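# sequence unknown, structure follows:
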């Protein structure tokens with residue numbers, strides 16, 4: 001595609017988006033636009049198609065690590081910036097949507113946010129959702145990263161953030177990069193340890209949620225809270 005054709009092609013893509021939104025766009029066309037925003041000097045269509053072929057979908061491209069992306073021919077720092085920026089903005093938007101909402105009534109939005117936040121992380125991440133006395137979400141805070149064992153999760157740090165935010169209840173969340181949604185013995189031990197700590201300051205533990213890819217496991221639903 002020569003320069004003139006390329007300019008016309010991207011102008012048409014922009015017009016399609018402004019008129020009809022993202023519906024109707026193929027995955028590679030969305031990736032193409034994101035690459036073009038970050039690097040406007042060359043035709044991004046071939047690179048976008050390579051990315052979709054390698055990572056299977058738009059979701060796969062956005063969740064790919066910078067290291068994996070860098071291994072693809074034609075992908076440089078500017079391209080990675082563009083892709084990761086939109087992913088970070090999406091996560092920020094989904095988090096902002098749930099702040100101030102009733103946790104129970106907005107459970108679907110909460111799970112969507114948690115999956116986007118955690119499912120592609122290569123290491124285990126522990127976060128806490130803080131609720132007020134009306135079960136409205138005050139904040140969602142990442143506290144620990146790495147292999148989560150009883151020695152790696154510090155109740156003192158959890159209690160500190162609860163007191164700072166004046167929370168009345170909490171929901172604990174962590175991910176399983178392995179994709180196994182079942183709670184481990186360590187998960188159960190951590191939950192008991194943290195629940196005991198919350199009880200001492202009269203804060204309710206509503207749930208502990210595991211995100212494993214597209215699967216979500218609730219300790220409350222399993223009756224092991």
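Looks like it arrived, so ask away. Predicted model only: the values in this text are computed from it and were never measured.
# For burial, what's the neighbour tally of residue 219?
For residue 219, the count of nearby residues is 21 (other CB atoms under 10 Å). In this view, the C-beta of every residue, glycine as well, is placed from N, C-alpha and C.
# Assess the claim that it and residue 205 are in contact.
No - distance between residue 219 and residue 205: 9.0 Å, which falls outside the contact criterion (CB atoms under 8 Å).
# which residues are in contact with both of these two?
Counting by CB atoms under 8 Å, 6 or more residues apart in numbering, the contacts common to residue 219 and residue 205 are 191, 225.
# List the buried residues in the longest helix seen in the chain.
The helix of greatest length in the chain, counted in residues with DSSP state H as the criterion, is given as helix 77-98. The neighbour-count check on helix 77-98 (16 or more other CB atoms under 10 Å) flags 79-80, 82-84, 86-87, 94-95, 98 as buried.
# One more: stretch 158-175?
Applying a neighbour-count criterion of 16+ other CB under 10 Å, one finds 158-159, 162, 165, 167-175 buried in stretch 158-175.
# Next step: those residues restricted to helices.
In helices, judged by DSSP H, the following of these are found: 158-159, 162.
# Between the residues you listed, which sits nearest residue 146?
residue 158 (15.6 Å; CB to CB).
# I figured that closest one hits residue 200, correct?
No - counting by CB under 8 Å, residue 158 sits too far from residue 200 to count as a contact (11.6 Å).
# how about the residue positioned nearest the centre of the chain, secondary structure?
Most central residue of the chain, judged by C-alpha distance to the mean C-alpha position with CA atoms, centre = their mean, is residue 117 at 1.4 Å. The assignment at residue 117 comes out as helix when based on DSSP: H, G, I helix; E, B strand; the rest coil.
# Look at it and report its pLDDT.
At residue 117 the predicted local distance difference test score is 86.
# got a list of what the closest residue to it other than its chain neighbours touches?
Closest residue to residue 117 apart from its sequence neighbours, by CB to CB, 6 or more residues apart in numbering: residue 91 at 5.5 Å. Residue 91 makes contact with 113, 116-117, according to CB under 8 Å, 6+ apart.
# Check residue 37 too.
residue 82.
# mind listing what residue 66 touches?
Neighbours of residue 66 in contact, by CB under 8 Å, 6+ apart: 80, 84.
# Next, it: phi, psi?
In terms of degrees, to the nearest 10, the main-chain angles of residue 66 are phi -50, psi -30.
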